[in-house]
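A.B. asks: turn this into a model:
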Amino acid sequence: MSMSANVDHHRHHRVEPHRDAGKPLWVSAAAGLCASLVGLGLARFAYTPLIPALIAAKWFTPAEAVYLGAANLAGYLAGALIARDLGARIGSVWALRGMMVLAAISCFACAVPISFVWFFGFRFLAGISGGVIMVLAATAILPHTAPSKRGLIGGVIFAGVGLGIAASGTLVPLLLQQGVKQAWYGLGALSAVLTLISWKAWPAEAPAATCAAEPPVAMHGVRSPLVLALCVEYGLNALALVPHMVFLVDFVARGLGQGIAAGSYYWVLYGIGAVVGPLLTGHLADRAGFAAALRAAFLIEAVAVALPAVTTSPAALIVSSLIVGGFTPGIVPLVIGRIHELIPHSAASQRSAWAQATTTFALFQAAGAYGLSYLFAQSGGNYALLFVIGAAGVAAALAIELVSVLVLGRKPS
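C.D. replies: Numbering: from 1, shown residues only. Below is the predicted model:
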């Protein structure tokens, strides 16, 4: 195929689905929001405020409950690894729908604690759904979006993570009044409803035959030093988020002895931050550029992650919960946008780089969750150590970003 034919093919591949979509962009963005809400907000983050209740109900020991949380992160890594192949085989939209269904089924299955292995398996499957959704949701929608609005639309898509966190923090305590099983049933029912609502809201995509005919990805962009450095930074950021994502509620409830209700209160604050965070970071990036916004995010996040290790005053915990919650999904549109800055002219390379970044994030997150869970058990429940390690991770990400730009320049080689 000639170079001009390649260009014509790419133009057809990128524009045709937009013409066929026939629906407002906000409808597709709402579908992305529902997907991130179900696959990440509910299927993953709703587990955090359930940990103390699972322990209190003697479903699992404290160590088992924490390892089950890490099982979800291992599944997330598996989902990130298979996402592009799955999307190529059955289409991104059908893959996204299927993963939302899987997430709902996983919630229902966790209402029946048959055994540790059963629960572990469905927490793992819930993680797979989140990993696939993270890779495919944005790339199914952003090609239909004007460059000047990609930050904001990306923020809307991943605000679903925050909505899920906030919903789990408010709904889970209410559902737990009826029992642990009822809490899982409620999460499953909400996931099923959101799956149905969003079913026909996704944008149309190119037929599988057209996607299969797409030329191979230009790997020089995906493998450029700046893109690889960005992937490592995103991975270190994942490590930094683990202490809050996995341990925050348990830290307040059991570590500080304030109870499940108080832990859920801080989880709601975390969720409020996660709703607003991607909208603010996306808007900032549209104005200041994705690179500048990313560096500012790393700096602020490092301070916020470290706060609980320095002081456990209510004011400090509120600030830490809001800010780290904000950057949990808020970092995502920044990294996607930065990839578009570094690889500006190839949609295929952008998709490949984003899958590579998500896989790195998942790898660091899973390793961090298991590693910190082990360290937590070995240290006799030292929560402060976890927050210090998290802060060091994101500080390292900022250092790599600054050094890589100074040494390698602003454009990929």
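A.B. asks: report pLDDT for residue 362.
C.D. replies: Listed pLDDT for residue 362 reads 84.
A.B. asks: that one contacts residue 238, correct?
C.D. replies: Yes. Assessed by C-beta atoms under 8 Å, residue 362 is found in contact with residue 238 at 7.3 Å. (C-beta placed from N, C-alpha, C; glycine too.)
A.B. asks: from residue 199, how far out is residue 172?
C.D. replies: Per C-beta to C-beta, to the nearest Å, residue 172 is found 26 Å from residue 199.
A.B. asks: in terms of neighbours, single out the busier of these two.
C.D. replies: Neighbours around residue 172 and residue 199, counted as other C-beta atoms under 10 Å, are more numerous at residue 172. The numbers are 26 against 14.
A.B. asks: the longest helix in this protein is where?
C.D. replies: Secondary structure of the chain per DSSP state H: the longest helix is helix 347-378.
A.B. asks: so for that one, what gets flagged as buried?
C.D. replies: 347-370, 372-373, 376 (16 or more other C-beta atoms under 10 Å).
A.B. asks: what about residue 116, distance to residue 167?
C.D. replies: Distance, residue 116 to residue 167, by C-beta to C-beta: 27 Å.
A.B. asks: low-confidence ranges, this structure, go.
C.D. replies: For the chain, applying pLDDT under 70 flags the ranges 1-23, 143-148, 205-222, 408-413.
A.B. asks: pretty sure residue 92 sits against residue 133.
C.D. replies: No. Counting by C-beta under 8 Å, residue 92 does not reach residue 133; the two are 10.3 Å apart.
A.B. asks: now residue 318: how far from residue 403?
C.D. replies: Counting by C-beta to C-beta, the gap from residue 318 to residue 403 is 33 Å.
A.B. asks: neighbour-wise, which of those two wins?
C.D. replies: A direct count of neighbours by other C-beta under 10 Å for residue 318 and residue 403 places residue 318 higher, at 15 against 11.
A.B. asks: name the nearest residue to that one, ignoring sequence neighbours.
C.D. replies: Of all residues beyond its chain neighbours, the one nearest residue 318 is residue 269 (5.9 Å), with distances taken as C-beta to C-beta, 6 or more residues apart in numbering.
A.B. asks: mind listing what's buried in the helix or strand where that neighbour lies?
C.D. replies: If you go by DSSP states H and E, residue 269 is part of helix 259-288. Neighbour-count burial for helix 259-288, with 16+ other C-beta under 10 Å as criterion, is recorded at 260, 262-279, 281-282, 284-286.
A.B. asks: how far off centre is stretch 350-363?
C.D. replies: How far stretch 350-363 lies from its chain's middle: 12 Å, per C-alpha atoms, centre = their mean, to the nearest Å.
A.B. asks: and for stretch 359-378?
C.D. replies: 15 Å.
A.B. asks: one more: stretch 84-96?
C.D. replies: Mean-position distance between stretch 84-96 and its chain equals 18 Å (C-alpha atoms, centre = their mean).
A.B. asks: end to end, how far does it reach?
C.D. replies: Length of stretch 84-96, first residue to last, C-alpha to C-alpha, to the nearest Å: 11 Å.
A.B. asks: name the residues that touch it?
C.D. replies: With contact meaning C-beta atoms under 8 Å, 6 or more residues apart in numbering, stretch 84-96 is reached by 35, 83, 98, 132-133, 135-137, 139-140, 202-205, 208, 211-212, 351-352, 355.
A.B. asks: likewise stretch 400-408?
C.D. replies: Contact with stretch 400-408 is made by 225, 226, 229, 230, 232, 233, 236, 291, 294, 295, 298, as judged by C-beta under 8 Å, 6+ apart.
A.B. asks: repeat that for 6 Å
C.D. replies: The set of residues external to stretch 400-408 that reach it, using C-beta atoms under 6 Å, 6 or more residues apart in numbering, is 225, 226, 229, 233, 295.
A.B. asks: hey, what's the angle from the helix or strand containing the fourth one to helix 347-378? Just curious.
C.D. replies: With elements delineated by DSSP H and E, residue 233 resides in helix 225-250, which encompasses its position. Orientation of helix 225-250 against helix 347-378 (axes from the mean of the first three to the mean of the last three C-alpha atoms, to 10 degrees) gives an angle of 40 degrees.
A.B. asks: what packs against helix 225-250?
C.D. replies: Packing partners of helix 225-250 (3 or more C-beta pairs under 6 Å, 6 or more residues apart in numbering; DSSP states H and E): helix 314-342, helix 347-378, helix 383-408.
A.B. asks: export the ones you listed to a markdown table and tack on distance to residue 188?
C.D. replies: Output for the helices and strands packed on helix 225-250, formatted as a markdown table (distance: least, C-beta to C-beta, whole Å):
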| stretch | distance to residue 188 |
| --- | --- |
| helix 314-342 | 22 |
| helix 347-378 | 23 |
| helix 383-408 | 30 |
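A.B. asks: tell me, how many residues neighbour residue 392?
C.D. replies: 16.
A.B. asks: mind listing what it touches?
C.D. replies: Contacts of residue 392 (C-beta under 6 Å, 6+ apart): none.
A.B. asks: which helix or strand lies directly C-terminal to the helix or strand containing residue 79?
C.D. replies: Residue 79 belongs to helix 62-90 when elements are defined using DSSP H and E. Next in sequence after helix 62-90, counting helices and strands by DSSP H and E, comes helix 92-109.
A.B. asks: follow-up on the earlier one: out of residue 92 and residue 133, which sits in the busier spot?
C.D. replies: Counted by other C-beta under 10 Å, residue 92 and residue 133 do not tie: residue 133 has more neighbours, with 33 against 25.
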